[in-house]
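S.K.: structure, please.
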Amino acid sequence: MNTITEKAATVLDCLKAGKILVETGWTQGEFSRGADGKSSTYDKATCWCLAGAVNTSTSRMAVRSQTYRALRMAHPDRPDTNGFLVHWNDDPARKQEEVVALFQTAIRMEEANAQHAG
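M.R.: Numbers count the residues shown, from 1 in each chain. Below is the predicted model:
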């Protein structure tokens with residue numbers, strides 16, 4: 001899936017697309033940045049924060065909301081707001097690998113939920 005031109009229809013698709021974006025390039029303090037390091041629109045971005053990756057991966061509000069919930073549930077602190085995830089991403093001590101790992105944990109949880117539901 002080209003995450004820039006095709007929008008994820010499911011939470012699992014959105015998580016996978018978001019993970020790929022963050023692996024490709026990660027940022028803090030902005031939803032997305034271009035190659036010049038300045039704030040950028042999603043379609044011209046070369047790196048994304050956690051929220052920017054989710055927002056880029058789907059324009060479907062219900063999928064976006066459920067994806068944020070999946071990421072919150074995958075976080076060890078089980079935060080109750082999306083704002084926590086934004087601040088967590090932007091913590092100066094945060095590493096790209098930690099954000100990728102959160103996406104990966106959420107993907108595993110979502111896949112397990114799908115197996116139990118089917």
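
S.K.: where do the helices sit along this structure?
M.R.: Applying DSSP state H to the chain gives helices spanning 11-24, 50-57, 61-74, 82-90, 96-117.

S.K.: how about these in TSV, adding mean neighbour count, distance to residue 31 and mean pLDDT?
M.R.: Yep, even glycine has a C-beta here, placed from its N, CA and C like the rest. Conversion of these to TSV gives the following (neighbours: other CB atoms under 10 Å; distance: least, CB to CB, whole Å; pLDDT from 0 to 100):
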stretch	mean neighbour count	distance to residue 31	mean pLDDT
helix 11-24	22	11	97
helix 50-57	26	3	96
helix 61-74	18	13	96
helix 82-90	16	9	93
helix 96-117	16	13	93
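
S.K.: distance to residue 40 for those - can I get that in JSON lines?
M.R.: Formatted as JSON lines, those follow (distance: least, CB to CB, whole Å):
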{"stretch": "helix 11-24", "distance to residue 40": "13"}
{"stretch": "helix 50-57", "distance to residue 40": "9"}
{"stretch": "helix 61-74", "distance to residue 40": "19"}
{"stretch": "helix 82-90", "distance to residue 40": "17"}
{"stretch": "helix 96-117", "distance to residue 40": "18"}
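
S.K.: which one of those helices lies nearest to residue 37?
M.R.: Of all the helices of the chain, helix 50-57 sits nearest to residue 37, with 14.3 Å by CB to CB.
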